[in-house]
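A.B. asks: Next one to model:
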Amino acid sequence: MSLKMVDSTIAKHMASPEVSLEQHRRSRVHAFGHALMNRKAIYLDLRFWIHLRDAARYGKSGPEKDLLSALRRAVAAGKVFCPITDSTFLEMFKQTDPGSRAATAELIDELGLGATLIPYDMRVGTEIAHYVHTARAPNNVDPLRELVWSKPAYVMGFVDPVSTAFDQKTNLALQKAFFDHMWDNVTLIQVCDMLGDNFVHADPLHFRETTGRVNEQIRVHADSLKSMKTAYRHELIGVLDLYAGRLASIMAHGFPTEAEPLPEEGTAERAKVDRQCLALLVGAFDTEAGRKALRTLHINTTLHAAVRWNKGQSLKANDLFDFHHACAAIAYCDAFFTEGPLQALVCRPDLGLGEQFDCFVSSDFAECVGYVEGLDRSHP
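C.D. replies: Residues are numbered from 1 along each chain as shown. The predicted structure is shown next:
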């Protein structure tokens with residue numbers, strides 16, 4: 001980005017101090033999501049990305065090369081894009097060879113069109129906020145699928161520079177200009193280069209720690225689970241307790257100015273409000289509309305409950321990556337290309353995910369080629 005363009009961007013934002021950083025970011029996210037709506041989203045797990053990368057590097061004939069060619073044609077024709085998530089990004093760093101990692105990132109930049117889903121926790125918050133706003137003003141909300149996309153520079157979440165050297169107006173303009181630069185110009189391969197080998201085997205989502213804790217809970221409570229439905233309920237209440245406070249804060253933003261403010265965290269009054277919000281969230285999951293609206297938590301809870309109900313199974317760190325992939329793909333993508341065991345799990349009739357979300361799931365390369373080529377023929 002040239003200095004002239006930087007100066008122009010800063011000047012533009014200096015002229016609009018009434019637009020907050022959050023408002024500016026939301027508008028860019030929404031515009032990007034809207035621009036993607038006419039394309040089918042195909043989510044690939046890391047196994048598929050690696051096979052396609054090798055097909056691109058070595059040119060061997062076979063179903064992998066056929067799939068790569070089909071995806072390239074569909075992307076170039078404006079019919080498809082292949083987004084990633086924070087989980088995909090972290091798994092890329094299991095590739096300790098920098099050349100292989102860079103080649104994977106380069107292919108993702110090509111087929112993904114710079115599209116990532118906002119991180120898991122942010123998606124959950126967005127879904128809760130969208131659920132509340134839809135209940136209040138159903139005709140005044142944007143489609144949820146337009147609100148969940150991001151760019152490679154922010155694949156792990158939004159981080160903004162803060163400087164005390166400037167006045168508030170100038171600092172705001174600089175923050176918005178910095179966001180625009182990162183949003184428009186930084187590719188995934190550049191992000192990987194910036195992090196380098198120091199990020200190899202990083203565990204910022206604490207999946208290794210989480211699996212130990214969850215497996216202990218599975219062992220302790222195994223005898224109390226009498227059905228898959230019970231397992232789902234136990235899992236749901238435990239996870240929703242983490243988001244009750246988030247719902248309280250979201251709802252408080254819609255209170256009239258004369259209403260009492262939200263009680264401070266840590267007080268008995270706030271604990272009462274959070275309990276009420278927890279009851280509201282649990283109630284939402286008793287309806288099909290609520291489960292579809294709060295889809296990320298519903299899908300993740302269903303998959304965790306399936307593991308808990310299978311009492312001889314222990315959770316592994318890779319399972320959490322798989323579950324996060326499934327949450328992203330099933331909730332927001334039209335197709336999910338993944339490994340056989342995960343396909344079998346998410347397609348189980350008793351879990352009901354196939355009935356609730358229209359997402360094609362396959363682990364077979366030839367079948368995936370047929371799906372993409374079918375889109376090329378039929379999707380306008």
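A.B. asks: pLDDT at E235, what is it?
C.D. replies: As predicted, E235 sits at a pLDDT of 84.
A.B. asks: L67 contacts V369, correct?
C.D. replies: Yes. Between L67 and V369 there is a contact under CB atoms under 8 Å: 5.0 Å. C-beta: built from backbone N, CA, C; applies to glycine.
A.B. asks: Who has more neighbours out of those two?
C.D. replies: L67 (25 against 20; other CB atoms under 10 Å).
A.B. asks: State whether that one is indeed within a helix.
C.D. replies: Yes. L67 forms part of a helix when assessed by DSSP: H, G, I helix; E, B strand; the rest coil.
A.B. asks: Now do the same contact list for it.
C.D. replies: Counting by CB atoms under 8 Å, 6 or more residues apart in numbering, L67 touches 48, 52, 55, 365, 368-369, 372.
A.B. asks: Dump these into JSON lines; add pLDDT and secondary structure as well.
C.D. replies: Below are those laid out as JSON lines (pLDDT from 0 to 100; DSSP: H, G, I helix; E, B strand; the rest coil):
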{"residue": "F48", "pLDDT": "97", "secondary structure": "helix"}
{"residue": "L52", "pLDDT": "97", "secondary structure": "helix"}
{"residue": "A55", "pLDDT": "96", "secondary structure": "helix"}
{"residue": "F365", "pLDDT": "96", "secondary structure": "helix"}
{"residue": "C368", "pLDDT": "97", "secondary structure": "helix"}
{"residue": "V369", "pLDDT": "97", "secondary structure": "helix"}
{"residue": "V372", "pLDDT": "97", "secondary structure": "helix"}
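A.B. asks: show me where the stretch 201-350 of the chain has helices.
C.D. replies: 207-221, 228-240, 244-252, 268-284, 288-293, 295-309, 317-332, 340-346 (DSSP state H, counting those that start in this stretch).
A.B. asks: Direction-wise, compare the longest one with helix 244-252 and give the angle.
C.D. replies: Orientation check (axes from the mean of the first three to the mean of the last three CA atoms, to 10 degrees): helix 268-284 against helix 244-252 gives 90 degrees.
A.B. asks: how many degrees apart are helix 268-284 and helix 295-309 in direction?
C.D. replies: Using the same axes, to 10 degrees, helix 268-284 lies at 80 degrees relative to helix 295-309.
A.B. asks: which helices and strands sit right next to helix 268-284?
C.D. replies: Packing partners of helix 268-284 (3 or more CB pairs under 8 Å, 6 or more residues apart in numbering; DSSP states H and E): helix 228-240, helix 244-252, helix 288-293.
A.B. asks: What residues sit buried inside it?
C.D. replies: Across helix 268-284, burial judged by 16 or more other CB atoms under 10 Å covers 273-274, 277-278, 280-282, 284.
A.B. asks: Those: which two are farthest apart?
C.D. replies: V273 and A284 (16.7 Å; CB to CB).
A.B. asks: Could you dump the helices and strands packed on helix 268-284 into JSON lines with distance to M182 and mean neighbour count added?
C.D. replies: Formatted as JSON lines, those follow (distance: least, CB to CB, whole Å; neighbours: other CB atoms under 10 Å):
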{"stretch": "helix 228-240", "distance to M182": "31", "mean neighbour count": "18"}
{"stretch": "helix 244-252", "distance to M182": "26", "mean neighbour count": "18"}
{"stretch": "helix 288-293", "distance to M182": "30", "mean neighbour count": "16"}
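A.B. asks: between those helices, which one is nearest to V29?
C.D. replies: If we rank the helices and strands packed on helix 268-284 by CB to CB, the stretch that ends up nearest is helix 244-252, at 17.3 Å.
A.B. asks: Need the residues that contact that closest one.
C.D. replies: Outside helix 244-252, the residues within contact range by CB under 8 Å, 6+ apart are 124-125, 128-129, 132, 261-262, 265, 270, 273-275, 277-278, 280-281.
A.B. asks: relative orientation of it and helix 228-240 in degrees?
C.D. replies: If you take the same axes, to 10 degrees, helix 244-252 sits at 70 degrees to helix 228-240.
A.B. asks: and helix 244-252, C-alpha only, in CSV?
C.D. replies: Extracted in CSV, the C-alpha atoms of helix 244-252 (Å, rounded to 0.1, in the frame of the first residue of the first chain):
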residue,chain,number,x,y,z
ALA,A,244,-25.6,-16.3,29.9
GLY,A,245,-23.7,-13.2,30.7
ARG,A,246,-23.2,-12.4,27.0
LEU,A,247,-26.9,-12.6,26.5
ALA,A,248,-27.5,-10.2,29.4
SER,A,249,-25.1,-7.6,27.9
ILE,A,250,-26.7,-7.9,24.5
MET,A,251,-30.2,-7.5,25.8
ALA,A,252,-29.1,-4.5,27.9
